[in-house]
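Student: give the three-dimensional model of this entry:
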Amino acid sequence: MKQSEIIKQLTDEELRKSVIYTQVLFLLISFIVSLLLFDSLMKWTNLFQFDIKEIVYLGILPGIVIVALDLIMISLLPKKYYDDGGINQRIFSNISLPKIFALTLLIAFSEELLFRGIIQTTFGYVTASLIFALFHIRYLKKPVLLISVLFISFLIGYIYEFTGNLLVSITAHFIVDFLLGLVIRFKIWGD
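Tutor: Numbering: from 1, shown residues only. Okay, here's the model as predicted:
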């Protein structure tokens with residue numbers, strides 16, 4: 001059975017739970033692999049640096065710019081180019097603001113931990129960015145969505161490459177997902 005057919009059979013709540021389970025799995029994988037790849041806990045914790053200037057200028061601001069560019073593209077291109085099969089609509093519609101916040105924070109933290117903290121730190125920027133984009137398999141047959149996720153992946157990967165700070169890449173990822181989740185939930189943009 002194809003992924004799209006399986007997803008259609010899930011309720012919106014089951015779909016959200018599957019997203020949460022996937023992210024928890026990413027956290028577990030990241031934790032286990034980090035024990036194998038990092039010589040010490042100190043090397044691992046050094047990936048997290050609370051530098052407010054980096055977080056604001058290289059995390060929050062790029063996240064806002066990405067969302068602004070995405071919304072401009074959505075308004076310029078036909079809706080079919082941004083149609084992911086209604087998955088994001090189903091995930092973010094009809095849930096509260098705190099749940100959107102918690103879900104997008106979990107997604108940003110777990111994915112950046114795995115893709116930047118483990119894969120990029122170990123195998124490099126290009127490898128991590130490509131794997132991150134491929135992880136969004138439902139976009140592979142949607143050229144505009146694929147280009148968008150590739151752009152975001154390479155940009156956030158570059159931000160991590162530049163700063164070496166997972167808190168900055170987590171922040172950028174969170175801002176993108178959270179703001180787009182709000183746009184979907186509150187029907188701020190488009191139809």
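
Student: so which residues of this structure form strands?
Tutor: Per DSSP state E, the chain has no strands. Nothing in it meets that criterion.

Student: the longest helix seen in it: how far from the chain's middle?
Tutor: Secondary structure assigned by DSSP state H gives helix 12-37 as the longest helix of the chain. When distances are taken as Cα atoms, centre = their mean, to the nearest Å, helix 12-37 is centred 13 Å away from the chain's centroid.

Student: helices and strands around that helix, which ones?
Tutor: Using 3 or more Cβ pairs under 8 Å, 6 or more residues apart in numbering; DSSP states H and E as the contact test, the elements touching helix 12-37 are helix 87-92, helix 97-112. Where C-beta positions appear, they are placed from N, C-alpha and C, glycine not excepted.

Student: pLDDT-wise, which helix or strand of this structure ranks last?
Tutor: Scoring the helices and strands of the chain by mean pLDDT, DSSP states H and E places helix 3-9 at the bottom, with a mean of 70.

Student: touching it from outside, list them.
Tutor: Contact with helix 3-9 is made by Leu15, Gly85, Ile87, Ile137, Arg138, as judged by Cβ atoms under 8 Å, 6 or more residues apart in numbering.

Student: the third one contacts Arg138, correct?
Tutor: Think Ile87. Yes. The criterion here is Cβ atoms under 8 Å, and Ile87 meets it with Arg138 at 6.5 Å.

Student: next, count neighbours for Thr163.
Tutor: Thr163 is flanked by 18 other residues according to other Cβ atoms under 10 Å.

Student: one more: Phe31?
Tutor: Phe31 has 13 neighbours, counted by other Cβ under 10 Å.

Student: ok, now Lys17?
Tutor: Around Lys17 there are 12 residues (other Cβ under 10 Å).

Student: Ile137 too?
Tutor: Neighbours of Ile137 under the rule other Cβ under 10 Å: 9.

Student: what distance do you get for it to Lys187?
Tutor: Using Cβ to Cβ, to the nearest Å, we find Ile137 at a distance of 27 Å from Lys187.

Student: what sits against Asp12?
Tutor: Asp12 makes contact with Arg90, Ile91, Ser93, Asn94 under the criterion Cβ under 8 Å, 6+ apart.

Student: which of the residues you listed tops the neighbour count?
Tutor: Greatest neighbour count in the contacts of Asp12, by other Cβ under 10 Å, goes to Ile91: 22 neighbours.

Student: do you know how far it is from Gly85?
Tutor: 11 Å.

Student: next: Met42.
Tutor: Applying Cβ to Cβ, the value for Met42 to Gly85 is 44 Å.
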